[in-house]
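*Asks:* sequence first, then the predicted structure:
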Amino acid sequence: MREILDRLDATRSVLIVDAPGNVNLERSTRNLDGVELMSGSELHPYHLLWCKRLLISRPALEWVLGLLTLTPSASVLALRVSRAVR
């Protein structure tokens, strides 16, 4: 994983957003300094401001975009449901 991040010039404050349950990705990123891994349901605007580089998987991006197409009250409900399911 470090080699991939080095190729992308991602040496500090990297946010990787993926669908939950990717055990291999969790294991390969947990000891890397400056790398944060989270699922799309955990993503907050603060995280986007924190990172210098953002890597997001297609499933996570589709989930986030799905929230943006909902009405504001429906997206809050979807976040509550996704947190309750965990």
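*Replies:* Perfect, thanks for sending it.
*Asks:* closest to the centroid, which residue in the protein?
*Replies:* By C-alpha atoms, centre = their mean, the chain has its centre lying nearest to residue 17, at 2.1 Å.
*Asks:* quickly find the element holding that one.
*Replies:* strand 14-18 (DSSP states H and E).
*Asks:* ok, back up a step: which residues does the residue nearest to the centre of the chain contact?
*Replies:* 37-40, 43, 54-57, 60-61, 64 (C-beta atoms under 8 Å, 6 or more residues apart in numbering). C-beta coordinates here come from the backbone N, C-alpha and C atoms, glycine included.
*Asks:* save those residues as JSON lines, and put in neighbour count, secondary structure and distance to residue 9 too.
*Replies:* Shown next, in JSON lines, are the contacts of residue 17 (neighbours: other C-beta atoms under 10 Å; DSSP: H, G, I helix; E, B strand; the rest coil; distance: C-beta to C-beta, whole Å):
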{"residue": "37", "neighbour count": "19", "secondary structure": "strand", "distance to residue 9": "19"}
{"residue": "38", "neighbour count": "15", "secondary structure": "strand", "distance to residue 9": "21"}
{"residue": "39", "neighbour count": "18", "secondary structure": "strand", "distance to residue 9": "25"}
{"residue": "40", "neighbour count": "21", "secondary structure": "helix", "distance to residue 9": "24"}
{"residue": "43", "neighbour count": "19", "secondary structure": "coil", "distance to residue 9": "23"}
{"residue": "54", "neighbour count": "15", "secondary structure": "strand", "distance to residue 9": "13"}
{"residue": "55", "neighbour count": "17", "secondary structure": "strand", "distance to residue 9": "12"}
{"residue": "56", "neighbour count": "16", "secondary structure": "strand", "distance to residue 9": "17"}
{"residue": "57", "neighbour count": "16", "secondary structure": "coil", "distance to residue 9": "20"}
{"residue": "60", "neighbour count": "22", "secondary structure": "helix", "distance to residue 9": "22"}
{"residue": "61", "neighbour count": "14", "secondary structure": "helix", "distance to residue 9": "21"}
{"residue": "64", "neighbour count": "14", "secondary structure": "helix", "distance to residue 9": "24"}
